[in-house]
Each structure stands twice: as structure tokens, then as C-alpha cells.
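Peer 1: build the 3D model from these lines:
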Amino acid sequence: MLRPPYTRYARIYTYHVDGSGFPALNDPDFIGAWEEDGKTIFIFHKSKDELVRDLCRQNSCRLFYQADLDYADWEMGREVTPFTVGSLTIAPVWNQGEADIRIDPSVIFGNGFHPSTRLCLQSLVNYRTDLQPGFTGLDLGCGTGLLSIAAARLGSSSVLAVDHNPLACSVAKQNALYNNVADIISVKQLDIRQKLPPTEVDVIMANLHHELLAELFRQPLFWQAGLYILSGFMPGGEEQLMASLPSSPPPFLERRRLDKWCLWVLGKV
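Peer 2: Residues are numbered from 1 along each chain as shown. Below you'll find the model as predicted:
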């Protein structure tokens, strides 16, 4: 996340380490730590070779890769600039123009500049008229919290935003505060492969890898919402997803693609 004196991202320095559960780093140039599959990526605004060497020595772990790169390269070469979807204009926090939503994109997936997030956001805007005022939402794999914030802007009374990644949860909480919707959005760190949060909501937004979506599809408890906005997968994953659907799934309302990324909308609206 952005912390003073930093107001935007320029160059970032990443250190990939075996292990997880490290103590919090108190360093003014620290952006965050991405933990996944027993490994951690420490990310900084400046080079921190000595700090990371000391951390590895103190925790008996191994640095197996490091890199310094332009922030746009972390974002798959996409420049982080304002964009508009329907009635909503989204901008990074450092942009001075008018915007309905401002986010710190940090180094987290789900900031709206990736095609799958953009597809979900567009569908949420498109299907808003099919949802009752004060609708409830569940955002699985919330990333920066953008979809949850958009739901709040579009009239949701409550949204539960869930992510397995601690850094994503921290960024989502901060972005909810930036947009004055922290009273509507609850952020929870949770591994949905181990425990599924309550799904009796009006809309579920799930921007996830196709294998994780397939696991969810096979759980009867997943199918209790009114509307499903699903993305995060490419055409090669659709066959597995189709095979994982229950015998009587909610009807398909839409199937769409953007830059090889797919979106499904299912529901009873």
C-alpha cells in the first residue's frame, strides 16, 4: 500500500523467499508482502538487498529470485489511468481528476485494469437494475476491493469482501476507507477452499482461477445467491467449469470475452 512519503508507484523491487508467516516489516519503503503456496514476495519502492538478506538469515529461509521493474510491467504493461464503466469513473488515488471511485491499486490483482475485473465491473453495472435497492453482495477474491466498492456505489447495503491474501485484505480495507464505504463493506481473510462464507446474498462476484471456481461449483452451498458474476478464466478453462456445474444450475444470462478472458453471468433475475 501507499504510505507517506509515497503518493504513487514508480519502480518496484521484489524479493521472492521460501516460507511464509514472517513478522511485519517496519521499513518506510515497504509496499507489502504477497504470500502464496508457502512462499512470500516482499515488495519495496527501493532496493533492500541487505534487509532481505538479514531477514532470510534470521528466519532460516532462502531468497530464490529478485527483480526490479517498472510499475507498469507489474501491471502487465498496462498504464494505471482513469477509466469509466457505465456511470462509474474509477481512478488511482494519485489522479487529480473527478472520479466516483478512487483506489490504491497497490500490487494486488483486481484493480480494474485487468480484463477480467473490467468484465465483472461492466456486468455489475449492467445488471444493477435487476437488483433490489439495498441489495447484498459477496465478493470472492476481492483483490483491491474494487468490485465491492462499486457495489456500494450502486446501492448495496452490505458487501462481504473475501480474499486469502493478507495484503489484498489490507488494501481492500484501505480502499473502502478512501471511498467512505467502510460501513458497508466487511473485509475478511479466508481460504474459501477450506470454508465458504454465507452465500445467501443477492449477488456473488467471483473473479477467480478456473480450478478454484470449479471447486466452488461442486459445492451445493455455493448456489444460494440470486445473481452470479463469474470471471478470471480463459476459454481453455470453460470445459472444466461446464463439467463442474450442478445438474440444474441457474440459467445463463450472458457469456462474454475480453482479451481472451471470459465472463459468465448466471442467475434468476
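Peer 1: list the contacts for residue 67?
Peer 2: Taking CB atoms under 8 Å, 6 or more residues apart in numbering, we find residue 67 in contact with 13-14. Heads up, the C-betas are built off the backbone N, CA and C, glycines and all.
Peer 1: where's it, which helix or strand?
Peer 2: Using DSSP states H and E, residue 67 maps to strand 63-70.
Peer 1: do residue 52 as well
Peer 2: If you go by DSSP H and E, residue 52 is part of helix 49-59.
Peer 1: report the angle between the axes of that helix and strand 63-70?
Peer 2: Between helix 49-59 and strand 63-70, the angle comes out at 150 degrees (axes from the mean of the first three to the mean of the last three CA atoms, to 10 degrees).
Peer 1: who does helix 49-59 touch, helix- and strand-wise?
Peer 2: In terms of contacts (3 or more CB pairs under 8 Å, 6 or more residues apart in numbering; DSSP states H and E), helix 49-59 is packed against strand 11-18, strand 63-70.
Peer 1: list the contacts of the first one.
Peer 2: The set of residues that contact strand 11-18 without belonging to it, under CB under 8 Å, 6+ apart, is 31, 38-48, 52, 55-56, 61-71, 74, 107.
Peer 1: go again using 10 Å as the cut-off
Peer 2: 29, 31, 33-35, 38-49, 51-53, 55-56, 59-71, 73-74, 107 (CB atoms under 10 Å, 6 or more residues apart in numbering).
Peer 1: quick one: the helices in the stretch 51-200 of the chain?
Peer 2: For the stretch 51-200 of the chain, the helices defined by DSSP state H, counting those that start in this stretch occupy 71-74, 115-126, 146-153, 166-178.
Peer 1: buried set for the second one?
Peer 2: It stands for helix 115-126. For helix 115-126, the neighbour count (16 or more other CB atoms under 10 Å) marks 115-125 as buried.
Peer 1: could you do the longest one as well?
Peer 2: By neighbour count with 16+ other CB under 10 Å, helix 166-178 contains the buried residues 167-176, 178.
Peer 1: buried subset of the contacts of strand 11-18 as a ChimeraX selection?
Peer 2: To isolate the buried ones among the contacts of strand 11-18 in ChimeraX, judged by 16+ other CB under 10 Å, type:
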select :29,31,33,34,35,40,41,42,43,44,45,48,51,52,55,56,61,66,71,74,107
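Peer 1: would you map out the domains in the protein?
Peer 2: For the chain, automatic domain parsing gives the domain ranges 11-74, 83-267.
Peer 1: deepest in the core, which of these is it.
Peer 2: Each of these was given a mean neighbour count from mean count of other CB atoms under 10 Å, and the largest, a mean of 19, is that of domain 83-267.
Peer 1: which residues of this structure score low on pLDDT?
Peer 2: 75-78, 110-112, 269 (pLDDT under 70).
Peer 1: let's go with 50 and repeat that
Peer 2: Judged against pLDDT under 50, the chain has no low-scoring part.
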